[in-house]
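Asks: Dropping a prediction and its sequence here:
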Amino acid sequence: MIISLPDTTTRQIAATLINARENYSLATGRVLTLLAALKARDDVNQILSTLRNATREHPARVLVLILGDENHPTSLDAELVLAADAGASEMVVMHLHGELTRHLDAVVTPLLLPDTPIVAWWPTHAPARPAEAPLGNIAQRRIANTHNNVTGNALLRASTGYTPGDSDMMWSRITPWRGVVASALDRCPDATITAAEVTGAPQDPSVDIAAGWLASALGTTVTRHTSSQNAAVGAPIDLLTLHADIGDITVEVVDQHTVKVAVPDRADTFVALTARSDAECLAEELRHLHADATYARALAGLAHVQAV
C-alpha cells in the first residue's frame, strides 16, 4: 500500500502512519529506525529496493530523505510505503526542497520510533565525519558506502573522520573473503607471517581495507598491488600472498565464483564465493549495533599499507 502526501508536514505524516496502523493491521515489531539520505539524482528505485530487501531481516521504520535543490522554495512531499510494498518494514519516502535540506535531523525527529536504536545510512555520498552530520549526530550506528564514492582518498577520509559506531559496506563486502583467509591460517597455526601482499582493482576500496585488516591482524607491513582486471565479484581481492616461515600461503581468484587456497604441505582447496549485493551488506551491518572494533583496527592498519 502506498499513500501519497504532497506538500505535507511531519505532523501529517505521523498522523497518517498512526491511522494506517489502526486501520490496516500493520505489524508493530519494529526493531530500529533506519535513516537513509540520498540525492535526487541517485538511483532512487535501486536504493529503495536495497532497503526493502535488507530490512526483511530487520523490521524497521525506514525514513528515506531525498534531497532536492536547496535553493528551491521549501517544501516536503512524502510517500508512505506500507504492508507488502515495504517488505517487513514501514517506509516513509520524503522529497525535501529548500531550507529543509539543511535541517535533516529536525525533519526526522518527530518520526523516530521511541526506545529503539537509530541507524543512519548514506548509500552514495557520506559526509567526511559522519558522527558530526545532522543525521549521524542522532544515530548510534552510521553506515557509509565508499564503494559507490571512490573519488579522492575516501579511505583516508574514513580513517581520519572515524568515530566509534561508524562503518562502511566496503567492509562487509569482504566478510566471506576474510573468513576464507582466517580458515587458511587455521590450517597452519604455528606459521609465522613475515609479510603480506594483496592485489586488486585500483579503484576498489575493499582491497585497501582488506590490506589494512591484514596489517592490523598480522602486525606486519602489507604491500598493495593493482591488477589490470576486475576480480571476481565474490572476491574483490585477485590474489593474497602471505609470506611465512613455512612457505607462501596464497588465496587466489580462479574464476568469477571460486578462489583457490594454497597452504604449504597441504592439498589445495577451492572455495565458492558469490557476489554480495548492497542489500546483503546492509543487512549484515544492521545485525550488530555496537561499535565495530575490528573495522576500526583495519582503518588504523592502513598506515602500514604500502601501495606500489
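Replies: Sure, I can see it.

Asks: Tell me the buried residues in stretch 173-185?
Replies: R173, I174, P176, W177, R178, V180, V181, A184, L185 (16 or more other CB atoms under 10 Å). Glycine gets a C-beta too; all of them are placed from N, C-alpha and C.

Asks: Give the rounded mean pLDDT of it.
Replies: The average pLDDT within stretch 173-185 is 95.

Asks: Kindly report the same for stretch 191-198.
Replies: Rounded mean pLDDT across stretch 191-198 is 96.

Asks: C-alpha coordinates for that stretch, CSV please?
Replies: C-alpha atoms of stretch 191-198 as CSV (Å, rounded to 0.1, in the frame of the first residue of the first chain):
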residue,chain,number,x,y,z
ALA,A,191,53.3,-20.4,11.0
THR,A,192,55.0,-17.1,11.4
ILE,A,193,53.8,-14.5,8.8
THR,A,194,56.7,-12.1,7.9
ALA,A,195,55.0,-10.1,5.1
ALA,A,196,51.8,-9.9,3.0
GLU,A,197,50.8,-8.8,-0.5
VAL,A,198,47.4,-8.1,-1.8
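
Asks: pLDDT value on the closest residue to I118 other than its chain neighbours, please?
Replies: Nearest non-adjacent residue to I118, counting by CB to CB, 6 or more residues apart in numbering: A139, 4.5 Å away. In this model, A139 is scored at 97, pLDDT.

Asks: same question, the one 5 residues further on
Replies: According to the prediction, A144 has pLDDT 93.

Asks: ok, which stretches of the stretch 51-200 of the chain are strands?
Replies: Taking DSSP state E, counting those that start in this stretch as the criterion, the stretch 51-200 of the chain carries its strands at 60-67, 75-81, 90-97, 118-121, 141-144, 166-168, 193-200.

Asks: Tell me how far A144 lies from L100.
Replies: 23 Å (CB to CB, to the nearest Å).

Asks: ok, A126 - contacts?
Replies: R142, A144, N145, T146, N149 (CB atoms under 8 Å, 6 or more residues apart in numbering).

Asks: Could you do I118 as well?
Replies: Counting by CB under 8 Å, 6+ apart, I118 has contacts L32, T33, L35, L112, I138, A139, Q140, R141.

Asks: Determine which two of the residues you listed are furthest apart.
Replies: L112 and R141 (14.2 Å; CB to CB).

Asks: higher neighbour count, those two?
Replies: R141 (24 against 15; other CB atoms under 10 Å).

Asks: re the thing from before, now tabulate the buried residues of stretch 173-185 in a markdown table and tack on distance to S159.
Replies: Compiled in a markdown table, the buried residues of stretch 173-185 are given as follows (distance: CB to CB, whole Å):
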| residue | distance to S159 |
| --- | --- |
| R173 | 17 |
| I174 | 17 |
| P176 | 24 |
| W177 | 21 |
| R178 | 19 |
| V180 | 25 |
| V181 | 21 |
| A184 | 27 |
| L185 | 25 |
